[in-house]
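Engineer: Coordinates for the following, if possible.
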Amino acid sequence: MLDSKGVGIDEYITLAKEHNAEIIQYRNKNADKAFIREQLIHIRNIYDGFLIVNDAYDLIEYCDGVHLGQEDLRAIDEDIHKAVALVRSLVGEDKILGISTHNKEEVLEANRLDLNYIGLGAYRSTDTKKDIVGILGDSIEDIAAESKHLVGAIGGVKLDDEFTHVTYNVIGSGLLK
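Structural biologist: Alright, predicted model coming up:
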């Protein structure tokens, strides 16, 4: 996404710092692991907040946690309880583990998982993801209230959005403020 907007990683981190982002999620679905590893190392050198990597749980040594989407969990195991247990065993208890959720049913299922947070959305439509199943809009608050985990709003969140039951980081994808 940054490349398509002509924004470099250094500029992104500067912007995140200006907005007091405490957590950044690095998401790159197209790069190879070596490139992602180098990017994580670079971010670590210029950013001292929490760093989450999307999907690449085998690179956990370079960051503070991992975030997985529903499809990514099911690629590990059709039973997401087994998938989360496996990922948790690989990343350890001292690392952050979060997953994406899109509706009340997925939030309630996440309540039974060993997670640190959930991403919930999409809040509104966004041009960064074309495969959004449903837009939660104002119902995001009621759904978030069902979660026992910290909740980060994902998808179309903007600087002036305010939530009661969810936190957000408008620089990245649905992480905790």
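Engineer: got a pLDDT number for Tyr168?
Structural biologist: Tyr168 carries a pLDDT value of 47.
Engineer: Let me fix that, I meant to ask about Ile132.
Structural biologist: 66.
Engineer: now swap in Asp127 and tell me
Structural biologist: With respect to pLDDT, Asp127 has a value of 69.
Engineer: same question, Glu22
Structural biologist: In this model, Glu22 carries a pLDDT of 88.
Engineer: what distance separates stretch 11-23 from the middle of the whole chain?
Structural biologist: Mean-position distance between stretch 11-23 and its chain equals 16 Å (CA atoms, centre = their mean, to the nearest Å).
Engineer: Could you pull out the buried residues of that stretch?
Structural biologist: Tyr12, Ile13, Ala16, Ala21, Ile23 (16 or more other CB atoms under 10 Å). From N, CA and C alone the C-beta is placed, and that goes for glycine too.
Engineer: now swap in stretch 72-85 and tell me
Structural biologist: Residues of stretch 72-85 classed as buried: Asp72, Leu73, Ile76, Ile80, Ala83, Val84 (neighbour count, 16+ other CB under 10 Å).
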